[in-house]
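Trainee: pasting a predicted model and its sequence here:
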Amino acid sequence: MTKQDPEMLARLATAIGQANAQNAPHFIPEDAPFDSEQRNWLNGLMTGLFAIAAAAKGDGAENEAGTALKILFGSQSGTAESLAKDLRKYAKTKGFEAEIGELDSVTPEDLVSLNHVVILAATFGEGEPTDNAKKFYEALMAVDAPSLPASLNFSVCGLGDSSYPHFNKVGTDLDARLAELGATRAAALVSCDVAYDEDYAAWKEAVFLSEPFASAAGAAGVADAEEAGPAFDKNHPFLASLMGADCLSGDGSAKRVNHVEISLAGGGEDLDYSVGDSLGVWPVNAPELANEILALLGLTGREVVNLKSGACKLRSAVLTKLDIVTVTPATLEAWGVERPFEDAHVIDLLRAGVPDLDAQAFVDGLRPLQPRLYSIASSPKKHPGEVHLTVGEVHYDLEGHKRQGVASTFLGKRLALGGSVGVYVQRSGHFHLPEDDSKPVIMIGPGTGIAPFHAFLEEREMRQATGDNWLFFGDQHQATDYLYRGEIEGWAASGLLTRLSLAWSRDSTEKVYVQHLIEKDGATFFDWLEAGAAIYICGDASRMASDVDKAIRRVIATHGKLDAAGVDAYMDQLTKDHRYQRDVY
């Protein structure tokens, strides 16, 4: 048979079509118009060719699809979300094609049809779920939550801080409730503390070694190139340098707030960020506190101690590697002591007297020093190669002794100009400006909560955004606490700020807060919402954010003429549309 034999080619095409229609293992039917020699030769040829094609198709399908896995997260600061993304990459190498999403993107009913689900959930505030997990959590805990099939295999990673009384409550609740409703626990719950790396890594491995996951795994794939991690992260920070720390507070202010500028020159250009992201800062402990601790222990600091990261001198450990402030249950257990009072620090335990501790016993009771996250206060478009922060120094008295924040005073006082500081970007998956620059924006951020909105306004200015901007800001006294006053008033004068609402809580006999101004201008506020405005809130979660949320709900009820159920539905829609976003702490 040759190219010059059109009749034979036509007969062959007809035969292949018949065989395909019949899903035949051999492609030349007995009644095809060929003699036996031609049929045998063609059968051998086509069987080989289609076997190769089928194998290639099969390999590609397994690598493309893998076994379906749902990864859900509840994250406030971004940690659970970043771990969820890491888990998705890891899952692909184990033969799973993972879909990732916020817990509130699903309902308990959605779980019924799934086979493999992994949840990473942070505990926030007083044992509460994060903003993007609250609806799912409440629905799962409800008495009318649906029964779940045993074919649903799950595992939960909880994240929190063991120094707080409700450590990992949300993760614990979710794990217990999923099992109670009938789902199968594939790997045991892990409760990750602030130093979570080892526990998370062990849990991640345990999940995919568990029988329900190992037996269902498809062909292992390779993580996509675009999913590669950032050049710098929590465990591999960039060594940046301090450009300046200028006080924003006026004389007589009850607190000192600094505008901190950090240079990313010398390699940190790869540490790209967007407005709405946070900067992780690795601090150094105060030398005077370290010296007092060593004196109380009767140690020189030259003793060699073993940490998980390796051996080092004790002084180096207490300055740069260990949290020498926070008392955890593990601290009390390791040292065999009780708290002298509820909020006691490490120094208070030592002052109260503890059994003789050698250097190793002392460090064994401490957790690793952790980075602090600060909302970024600059636009990279306006300040390329730099990142700016708004940092309120923490100073207070406790049990007759002066205390100070570790990172806030490190950045504001102890780090010299040009001094080095380890930093990385913690990306926010939810707290970002609308992509459409014509959309109106409402920003609510009293005190240092102004930080991301300083960045937002710089960004809107650089992008020449046409959408209206409304800023709610406040603090105690206008004369001493009006942060970024010159810039804010300049933006108002230029028209970048369409509306500016200021609340000063100590400048009149009646305390005025931002939530009061929201209700005062409720009609206009609601008009902005109806025009598509996105609301952003930054600051204290326990009081301010809660009070602001209640005020917004009252505005919607009054001016939207809605009952409680209608308000809930309205707020739910704002959240789904990413028009109600919070960066609270």
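Mentor: Thanks, I have the structure now.

Trainee: most centrally placed residue in this protein?
Mentor: Nearest residue to the geometric centre of the chain (Cα atoms, centre = their mean): G78, 1.0 Å.

Trainee: for the closest residue to it other than its chain neighbours, what are its contacts?
Mentor: In space, and not counting its chain neighbours, G78 is closest to Q426: 4.6 Å by Cβ to Cβ, 6 or more residues apart in numbering. C-betas here are computed from N, CA, C, even on glycine. Contacts for Q426 (Cβ atoms under 8 Å, 6 or more residues apart in numbering) come out as 77-79, 82, 234, 277-280, 373.

Trainee: isn't the residue nearest to the centre of the chain up against G429?
Mentor: Yes: counting by Cβ atoms under 8 Å, G78 does reach G429; the two are 6.9 Å apart.

Trainee: where does the prediction get shaky in the protein?
Mentor: For the chain, applying pLDDT under 70 flags the ranges 1-66, 219-229.

Trainee: ranges for the helices of the stretch 1-150 of the chain?
Mentor: Remark: helices assigned in the stretch 1-150 of the chain by DSSP state H, counting those that start in this stretch are 6-21, 36-65, 79-93, 108-111, 134-141.

Trainee: could you pull out the helices for the stretch 301-450 of the chain?
Mentor: 314-316, 329-335, 346-352, 359-364, 406-409.

Trainee: per-domain residue ranges of the chain.
Mentor: What automatic domain parsing lists as the domains of the chain is 6-63, 66-227, 238-283+371-426, 287-364, 441-584.

Trainee: show me what contacts L294?
Mentor: Applying Cβ under 8 Å, 6+ apart, we find L294 in contact with 300-301, 314-315, 318.

Trainee: kindly recompute the last result at 6 Å.
Mentor: When contacts are counted by Cβ atoms under 6 Å, 6 or more residues apart in numbering, L294 touches G301.

Trainee: how would you label it: helix, strand or coil?
Mentor: Taking DSSP: H, G, I helix; E, B strand; the rest coil as the rule, one finds L294 in the helix state.

Trainee: equivalent analysis for the one 5 residues further on, please.
Mentor: For L299, the assignment made with three-state DSSP gives coil.

Trainee: any idea how many residues pack against the residue lying closest to it once chain neighbours are set aside?
Mentor: In this structure, L299 finds its nearest non-sequential neighbour in A359, 5.6 Å apart by Cβ to Cβ, 6+ apart. Here the number of neighbours of A359 (other Cβ atoms under 10 Å) works out to 21.

Trainee: A359 touches L314, doesn't it?
Mentor: Yes: contact criterion Cβ atoms under 6 Å: A359 and L314 qualify, at 4.9 Å.

Trainee: shared neighbours, the two?
Mentor: 303, 305.

Trainee: returning to that earlier point: pipe the domains of the chain into a markdown table and attach distance to P434 per row.
Mentor: Formatted as a markdown table, the domains of the chain follow (distance: least, Cβ to Cβ, whole Å):
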| stretch | distance to P434 |
| --- | --- |
| domain 6-63 | 37 |
| domain 66-227 | 18 |
| domain 238-283+371-426 | 11 |
| domain 287-364 | 39 |
| domain 441-584 | 6 |
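
Trainee: quick one: closest of the ones you listed to E435.
Mentor: Nearest of these to E435, taken as Cβ to Cβ: domain 441-584 at 10.0 Å.

Trainee: measure that closest one end to end?
Mentor: Across its full length, domain 441-584 reaches 18 Å end to end, with Cα to Cα, to the nearest Å as the criterion.

Trainee: do stretch 295-312 as well
Mentor: End-to-end span of stretch 295-312 (Cα to Cα): 19 Å.

Trainee: stretch 343-359 now?
Mentor: End-to-end distance of stretch 343-359: 24 Å, with Cα to Cα as the criterion.

Trainee: what's the answer for stretch 248-255, then?
Mentor: Stretch 248-255 has an end-to-end distance of 10 Å (criterion: Cα to Cα).

Trainee: got it, and stretch 445-453?
Mentor: Distance between the two ends of stretch 445-453: 7 Å, counting by Cα to Cα.

Trainee: kindly report the same for stretch 103-122.
Mentor: Stretch 103-122 has an end-to-end distance of 11 Å (Cα to Cα).

Trainee: contact partners for the nearest residue in space to L174 that is not next to it in sequence?
Mentor: Computed as Cβ to Cβ, 6+ apart, the closest residue to L174 that is not its neighbour in sequence is V156, at 5.4 Å. Residues in contact with V156 (Cβ under 6 Å, 6+ apart) are 119, 171, 174-175, 189.

Trainee: hmm, try it at 7 Å
Mentor: For V156, the contact set (Cβ atoms under 7 Å, 6 or more residues apart in numbering) comprises 119, 121, 171, 174-175, 189.

Trainee: now, which of those lie within strands?
Mentor: Here DSSP state E is the test, and these give 119, 121 as lying in strands.

Trainee: ok, so of the contacts of V156, who is nearest S378?
Mentor: A121 (31.3 Å).

Trainee: neighbours of Y580, how many?
Mentor: For Y580, the neighbour count with other Cβ under 10 Å is 22.

Trainee: spell out which residues sit in contact with it, please.
Mentor: The contact partners of Y580, taken as Cβ under 7 Å, 6+ apart, are 535, 571, 574.

Trainee: most neighbours among those residues, please name it.
Mentor: Counting neighbours by other Cβ under 10 Å, the top entry in the contacts of Y580 is I535, with 24 neighbours.

Trainee: now D272: how far from P384?
Mentor: 10 Å (Cβ to Cβ, to the nearest Å).

Trainee: comparing these two, which shows the higher neighbour count?
Mentor: Per other Cβ under 10 Å, whichever of D272 and P384 has more neighbours is D272, with 14 against 10.

Trainee: so who does that one touch?
Mentor: Here D272 is in contact with P380 (Cβ under 7 Å, 6+ apart).

Trainee: helix or strand: which one has it?
Mentor: Taking DSSP states H and E as the definition, one finds D272 inside no helix or strand.

Trainee: the stretch 151-300 of the chain: helices as residue ranges?
Mentor: Under the criterion DSSP H, counting those that start in this stretch, the stretch 151-300 of the chain contains helices at 169-180, 197-209, 211-214, 287-297.

Trainee: tabulate the ones you listed (a markdown table), appending distance to E99.
Mentor: As requested, the helices of the stretch 151-300 of the chain are exported to a markdown table (distance: least, Cβ to Cβ, whole Å):
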| stretch | distance to E99 |
| --- | --- |
| helix 169-180 | 18 |
| helix 197-209 | 16 |
| helix 211-214 | 16 |
| helix 287-297 | 47 |
